[in-house]
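Enquirer: need coordinates for the below:
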Amino acid sequence: MDKLQLTGGARIGRMNASFPFATLSADKEKLELDVSLLGNYVFLPSDIVSIEPYRVVPFLGEGIKINHRVADYNPKIIFWSFKRPEEVIEQIKAAGFRWDDAPEHMEKIEIRRKQQQGGFPLKKFVVISLIVIWNILLLPDILKLFLHDAPDVFPVRGIMEASGFLFLFSLLSLISPGFRDLILKEGRELKDIKKMALFILFISGMMFLQSYILMKVTR
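Expert: The predicted model follows:
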C-alpha cells in the first residue's frame, strides 16, 4: 500500500468533529490528521509514542488514539472510524508509517514548522475578529429581546447580517487565494479548511435564507 487515506471523525481534547469532517492519511514519511477548523496535525514517525485502539462504545464509538510527543499539539488526539481500530493501525503500518523503529534524528523542516504553529489553521487575530464581529451583528436582536417584554416581530435582522457575514467569509476562503493568505497561518493551504468552510457555507446560507423568509412573512 503506497498511501492510506480514511474518512471519519475526530476528537481533539474536548472538541469533537463528526463524520466526515476528519481525514487520516499515512505514508512512509508522515501521518496526518486533517480535522478542518479543529486543526491539521502532522506527525513524523519519531513523534509517535504509540498508536492504540480507543473504545467508548464497542462498534459505535471506536477509534485510534495517537500518543505523541509534539509539545504544541493537544495530548488527546483520537480518530474515529467505522473500521475496527486494530485494522486501522495495521493499515497505517502497511502504508509504510512505522513509529516503533523510527530514528530519533528524523527531521522535516516543513512538518516541524506546522507543528510549532499548533493544529489550528486560522491566525489568532482572525478567530478573535470572527467572534467579535459575530456578536456585534447579533447584539441588536439580543437587546430587542431583553428590552422589550413581547416584541411584535421576532428580531431576525441581526441573524441575517451575522449569517451573511459568515457565508461571505467562508466563500472568500474557498475562492480567493489572497484572502486565504490573510487568514491562514504560514504553510497552511485550502485543503486544511475546505471541508469545514463548505459546511459553514451551507449552514450560514440556510440561516440567512430562513431569516429572510421569516422577516418577510412576519412583516
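Enquirer: residues near F202, how many?
Expert: A count of neighbours around F202, defined by other Cβ atoms under 10 Å, yields 12. No exception for glycine: its C-beta is placed from N, CA and C like everyone else's.
Enquirer: I misspoke; the intended subject was F120.
Expert: For F120, using other Cβ under 10 Å, the count is 18.
Enquirer: same question, R180
Expert: 19.
Enquirer: quick one, longest strand in the chain?
Expert: In the chain, assigned by DSSP state E, the strand with the most residues is strand 15-26.
Enquirer: what is the end-to-end distance of stretch 51-67?
Expert: 6 Å (Cα to Cα, to the nearest Å).
Enquirer: Provide the contact partners of that stretch at residue level.
Expert: 8-9, 11, 31, 33, 41, 43, 48-50, 76-81, 84-86, 88-89, 92, 99 (Cβ atoms under 8 Å, 6 or more residues apart in numbering).
Enquirer: mind listing the strands for this protein?
Expert: Using DSSP E, strands in the chain cover 4-12, 15-26, 31-34, 40-43, 48-57, 61-68, 77-80.
Enquirer: of these, which is nearest L137?
Expert: Of all those, it is strand 15-26 that lies closest to L137, at 24.3 Å by Cβ to Cβ.
Enquirer: which secondary structure elements does that closest one contact?
Expert: Judged by 3 or more Cβ pairs under 8 Å, 6 or more residues apart in numbering; DSSP states H and E, the packing partners of strand 15-26 are strand 4-12, strand 31-34, strand 77-80, helix 85-94, helix 194-217.
Enquirer: so can I have a markdown table of these showing distance to I131 and mean pLDDT?
Expert: Below are the helices and strands packed on strand 15-26 laid out as a markdown table (distance: least, Cβ to Cβ, whole Å; pLDDT from 0 to 100):
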| stretch | distance to I131 | mean pLDDT |
| --- | --- | --- |
| strand 4-12 | 19 | 93 |
| strand 31-34 | 23 | 93 |
| strand 77-80 | 24 | 95 |
| helix 85-94 | 35 | 94 |
| helix 194-217 | 14 | 88 |
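Enquirer: and these: which comes nearest S129?
Expert: helix 194-217 (15.3 Å).
Enquirer: in the longest strand of the chain, what's buried?
Expert: Buried residues in strand 15-26, defined by neighbour count with 16 or more other Cβ atoms under 10 Å: A17, F21, A22, T23, L24, S25, A26.
Enquirer: and those, which is closest to F165?
Expert: Nearest member of the buried residues of strand 15-26 to F165, counting by Cβ to Cβ, is F21, at 22.0 Å.
Enquirer: that closest one and S129, how far apart?
Expert: In this view, F21 and S129 are 23 Å apart by Cβ to Cβ, to the nearest Å.
Enquirer: can you pull the pLDDT of Q117?
Expert: Per-residue confidence (pLDDT) for Q117: 60.
Enquirer: what does E104 give?
Expert: pLDDT, E104: 52.
Enquirer: run a quick neighbour tally on I66.
Expert: The number of residues near I66, taken as other Cβ under 10 Å, comes to 27.
Enquirer: and it, bridged to which residues?
Expert: I51 (DSSP bridges).
Enquirer: show me the protein divided up by domain.
Expert: The chain breaks down into these domains under automatic domain parsing: 4-117, 124-217.
Enquirer: any idea how far the longest strand of the chain is from the chain center?
Expert: 8 Å (Cα atoms, centre = their mean, to the nearest Å).
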